[in-house]
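A.B. asks: test case, fold it:
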Amino acid sequence: MKRFAMFMLAAALLFTGSVFAQTAPKFAHINGQELLSIMPDRDSAEAKLNAYGQDLQEQIEELHVEYNNKLQTYMQRRETFTAAIREARERELTSLQQRIQEFEQTAQQDFQRMQGELMRPLMEKADAAIRKVAKQEGVIYVFDLSVGSVVYFSDDSIDLMPFVKKELGIQ
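C.D. replies: Reported below is the predicted structural model:
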């Protein structure tokens, strides 16, 4: 009876081990930043973003030119102004300087918002392709190497980049 129990225990362990070996989880990795950088739609998104950023920068430069011109005029004629006019011009310069700072902050926020709007479709497309390929390959975890949180991965980890590039039609 003891032999039979030992045999059953050994058989159960062997069976469990072979089932586990057959269903061993598969891990994969991809460099998300590299993938986004080679996506064809990225060039048009970057061109739009650069044009938008250039427009904002030109507006900021115009405000700085206006401020510098007013400051220069003030500095040259300051001694000829009455105290009331001098105070009014100083308030005007301070107000313009504050408007410039506020515009720069708003411009930066608008630029980031635009960047998100333009990149979101690319990121969603890449994410959908990664998910589809991972599912096809039976992968349970995909690590993004561009985030820097993966310290090590072995050669057993599947590099999804070639599969995802194929899915997206990228050469």
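A.B. asks: now do the strands in this structure.
C.D. replies: Secondary structure of the chain by DSSP state E: the strands cover 26-30, 139-144, 158-159.
A.B. asks: neighbouring strands for the longest one, and are they parallel or not?
C.D. replies: Based on DSSP bridges, the pairing partners of strand 139-144 within the sheet are strand 26-30 (parallel).
A.B. asks: if you compare the strands of the chain, which one is most tucked away?
C.D. replies: strand 26-30 (a mean of 19; mean count of other C-beta atoms under 10 Å). For every residue, glycine as well, the C-beta is placed using N, CA and C.
A.B. asks: average pLDDT across that one?
C.D. replies: Mean pLDDT, strand 26-30: 89.
A.B. asks: kindly report the same for stretch 124-132.
C.D. replies: Mean predicted lDDT for stretch 124-132 stands at 93.
A.B. asks: flag every buried residue along that stretch.
C.D. replies: 126, 129-130 (16 or more other C-beta atoms under 10 Å).
A.B. asks: now do stretch 148-161
C.D. replies: Applying 16+ other C-beta under 10 Å to stretch 148-161 flags 157-158, 160-161 as buried.
A.B. asks: same question, stretch 77-84
C.D. replies: For stretch 77-84, it's none, nothing buried (16+ other C-beta under 10 Å).
A.B. asks: C-alpha coordinates for that stretch, PDB please?
C.D. replies: Only the C-alpha atoms of stretch 77-84 are listed here, as PDB (Å, rounded to 0.1, in the frame of the first residue of the first chain):
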ATOM      1  CA  ARG A  77      13.100 109.300 -22.100                       C
ATOM      2  CA  ARG A  78      12.700 108.500 -18.400                       C
ATOM      3  CA  GLU A  79      14.400 111.700 -17.200                       C
ATOM      4  CA  THR A  80      11.900 113.800 -19.300                       C
ATOM      5  CA  PHE A  81       8.800 112.200 -17.800                       C
ATOM      6  CA  THR A  82       6.900 113.600 -14.900                       C
ATOM      7  CA  ALA A  83       6.500 111.400 -11.900                       C
ATOM      8  CA  ALA A  84       3.000 110.400 -12.900                       C
END
